[in-house]
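K.L.:
next one to model:
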Amino acid sequence: MKKTRINQVRNIGIIAHIDAGKTTVSERILFYTGRSHKLGEVHDGEAVMDWMVDEQERGITITSAVTSCDWRDNEIHLIDTPGHVDFTIEVERSLRVLDGAIGVFCAVGGVEPQSETVWRQADKYRVPKIAFVNKMDRIGASFERTVEMMKTRLGARPLVIQLPAGAEDAFSGVIDLIRMEQIAWDESSAGEKYAYSAIAPEHREAAEAAREQLIETVAENDDAIMELYLGEEPIDNAALVAAIRRATIGLKLVPVLCGSALKNKGVQPLIDAIVGLLPSPADVPPIAGHHPETGEVIPCPPWETAPLAALIFKVSMIEGRKLSFVRIYSGKLIAGTEVYNASRNTKEKLSRIMLMHANKRERVDAAGAGSIVGVVGLKESSTGETLCHKDHPVLLEKIEFYEPVISIAVEPKTHADQEKFEEVLEKFMAEDPTLRVRQDEDTGQTILSGMGELHLEIIISRMQREFNTRVTVGKPQVVYRETIENKAIGSALFDREVGGQRHYAEVNLKLQPLPRGTGNRYRCELSADALPAAFLAAAQKGVLEALESGTLLGYPVVDVEAVLTGAGSRESLGTELAFTVSASMACKDAIEKGGAFLLEPIMNVEVYAPDAFLGEVIGDINARSGKIESIGPKSGLQEIRATVPLSRMFGYSTALRSATQGRGTFTMQFARFDRNG
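P.N.:
Down below sits the predicted model:
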């Protein structure tokens, strides 16, 4: 493995809405950097980064694939993330470990719904971004509209550093506003050959105005350029690029480039921008962890000589073996050595370290700070956990996972399938933290819960393809929540002999509803000396346990405040068990008196349909108890934004295709739990 200085490393991800061209951009980057030797096309099922059979068949990205490539003495670690909302956890955990991101936008569709979601995820982790407006050759492409949508929909501050030379059929290349030259690609060389030339006369005026705007915007965000600008002194390109880089890393500006990845135009300048404008691990503030016992803040600088701090951000089962994807923040991983998992307080042995190239791997002896590698040999460690040295324990911030919103019943078809069934499900859960498996006590069924119909469909498909485990699938079930309508007072007395000992406690509490989405709160109004601390803790435990299973259908109770108003016992008969059970009974009593009702998952739905079918689409949404929030034109279609209960959205893709002669599309993501109607 060649030695690369940390400031020559780029850990970047490609994020976007489904079908914006992320994987095509990734494939071109791999081809032009020499990492792959032919252009893999998504529509042919030959994309290197979409290596799973389900990805190739469906033409979509399902798992985030990691690869490494070199460009102008820099080492780029690239993650191609999914665009479909069902696989949003793949984006979340990738962004958690990346230093920079490329937002790919379709020049026809502009900023689409899932683009907003992934952009906000990147904002949450304060990831510097550049934007690439793709598909400039398509009919209806508009660079200006897409840039405007970045301002209005994303709240971003775009900095246009390239203009398209023409659009749609007339798109011939790009205009570099820093060098003030036009770039054209030789189509006979699959875009490998390209040349800079003077800007064509018909584009000169627009380019000069855009260059002036670029300098003004940079000057507003950089004092050094502002001084030169106000003094009317010449601004050389090196100083301008350095200022743009500072503003990008400081999250003040988002440089915008353009091209057509499918037509092999615009990709090499994009790779130059990755290297020139996005940060190395040394350019971003060092991540900080904390000591697992003392809580002391521990900085993790990006030096190989520092103590080890690495985060497992993804686990994959490839050919039945567990492969952990690790971002090393500081220190060094060495194959064959022992590491300490601070999250579990266990030691693990690293048997092998791999440089990843989608599903292909290259063994290396060691990897240092700033690297993203695959590790084999970690038996117990899982996603979101920290690897370090026992002598220098540190815990990095965990990755947040989403709660599943849809469930199906699954059962193995044959006795042979039964033997593998549980083991296969465990492997999938190790891979995917948004997947949940539970046994329904009433029916004995195995219930599989996930982020959407497609998510669960892919899991079932992979069970059959990869593990030869066939299952029967029951009707999807929606995961509900319960809450109460009114304030209620609950009380309970527990007086029983258990195991030869009498247990006695009585508890009074008040339960009141909270605004939707607030979560649960617990308060104790008793003075600290009213009861022993252990009894008060037991009462709290009983209340929280009762809220895990409501009185209607046994779903968790949410958005309530429980207040312990009274508790007592008889001398020598009070026990922790008595207070736990009594508090749980009092809480159930209050839930029943408070008018319990169900909350169901409400989804944000965005439908795109031609004008001719608008009435039919709206009528169908209304029939599904949906609420239309807005209707407006977008890219020659009508965009309908609505909220619809998830329970009414099953089979919607088929209904929409039927209603719009196959021309309508939609996206859906979880909004909140709420009462329908």
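K.L.:
can you list phi and psi of the nearest residue to Ile372 once chain neighbours are set aside for me?
P.N.:
Leaving aside its sequence neighbours, Ile372 sits nearest to His77 (CB to CB, 6 or more residues apart in numbering; 4.5 Å). No exception for glycine: its C-beta is placed from N, CA and C like everyone else's. Dihedral angles of His77 (phi, psi; degrees, to the nearest 10) stand at phi -100, psi 120.
K.L.:
what does Gly568 give?
P.N.:
Backbone dihedrals for Gly568, given as degrees, to the nearest 10, come out at phi -160, psi 170.
K.L.:
likewise Ser343?
P.N.:
Main-chain dihedrals, Ser343, degrees, to the nearest 10: phi -70, psi -30.
K.L.:
ok, which stretches of the stretch 401-550 of the chain are strands?
P.N.:
Assigned strands in the stretch 401-550 of the chain, in chain order: 406-412, 436-439, 446-450, 471-473, 477-478, 481-484, 488-498, 501-513, 521-524 (criterion: DSSP state E, counting those that start in this stretch).
K.L.:
with mean neighbour count and mean pLDDT added, can I get these in JSON lines?
P.N.:
As requested, the strands of the stretch 401-550 of the chain are exported to JSON lines (neighbours: other CB atoms under 10 Å; pLDDT from 0 to 100):
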{"stretch": "strand 406-412", "mean neighbour count": "19", "mean pLDDT": "82"}
{"stretch": "strand 436-439", "mean neighbour count": "13", "mean pLDDT": "83"}
{"stretch": "strand 446-450", "mean neighbour count": "22", "mean pLDDT": "83"}
{"stretch": "strand 471-473", "mean neighbour count": "15", "mean pLDDT": "86"}
{"stretch": "strand 477-478", "mean neighbour count": "16", "mean pLDDT": "73"}
{"stretch": "strand 481-484", "mean neighbour count": "22", "mean pLDDT": "93"}
{"stretch": "strand 488-498", "mean neighbour count": "16", "mean pLDDT": "91"}
{"stretch": "strand 501-513", "mean neighbour count": "21", "mean pLDDT": "93"}
{"stretch": "strand 521-524", "mean neighbour count": "14", "mean pLDDT": "93"}
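K.L.:
tell me which element Arg35 falls in.
P.N.:
Following DSSP states H and E, there is no helix or strand that holds Arg35.
K.L.:
per-residue confidence for the closest residue to it other than its chain neighbours?
P.N.:
Closest residue to Arg35 apart from its sequence neighbours, by CB to CB, 6+ apart: Cys69 at 3.9 Å. Here the pLDDT value assigned to Cys69 is 85.
K.L.:
before we move on, what about Leu230?
P.N.:
Per-residue pLDDT puts Leu230 at 90.
K.L.:
tally up the residues packed near it, please.
P.N.:
Residues within reach of Leu230, counting by other CB atoms under 10 Å, total 9.
K.L.:
hmm, what's the outermost residue in the chain?
P.N.:
For the chain, the residue at maximal distance from the C-alpha centroid (CA atoms, centre = their mean) is Glu571, at 54.5 Å.
K.L.:
which residues touch that residue?
P.N.:
By CB atoms under 8 Å, 6 or more residues apart in numbering, no residues touch Glu571.
K.L.:
that one: which element?
P.N.:
Per DSSP H and E: Glu571 is located in neither a helix nor a strand.
K.L.:
quick one: it from Tyr504, how far?
P.N.:
Distance, Glu571 to Tyr504, using CB to CB, to the nearest Å: 10 Å.
K.L.:
just Val471 next, same as before
P.N.:
Taking CB to CB as the measure, Val471 falls 49 Å from Tyr504.
K.L.:
ok, Glu181 next?
P.N.:
Applying CB to CB, the value for Glu181 to Tyr504 is 87 Å.
K.L.:
related to what we said a few turns ago, Throw the strands of the stretch 401-550 of the chain into TSV and include distance to Ala165, thanks.
P.N.:
Listed next are the strands of the stretch 401-550 of the chain as TSV, based on distance: least, CB to CB, whole Å:
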stretch	distance to Ala165
strand 406-412	46
strand 436-439	51
strand 446-450	45
strand 471-473	52
strand 477-478	51
strand 481-484	54
strand 488-498	69
strand 501-513	60
strand 521-524	59
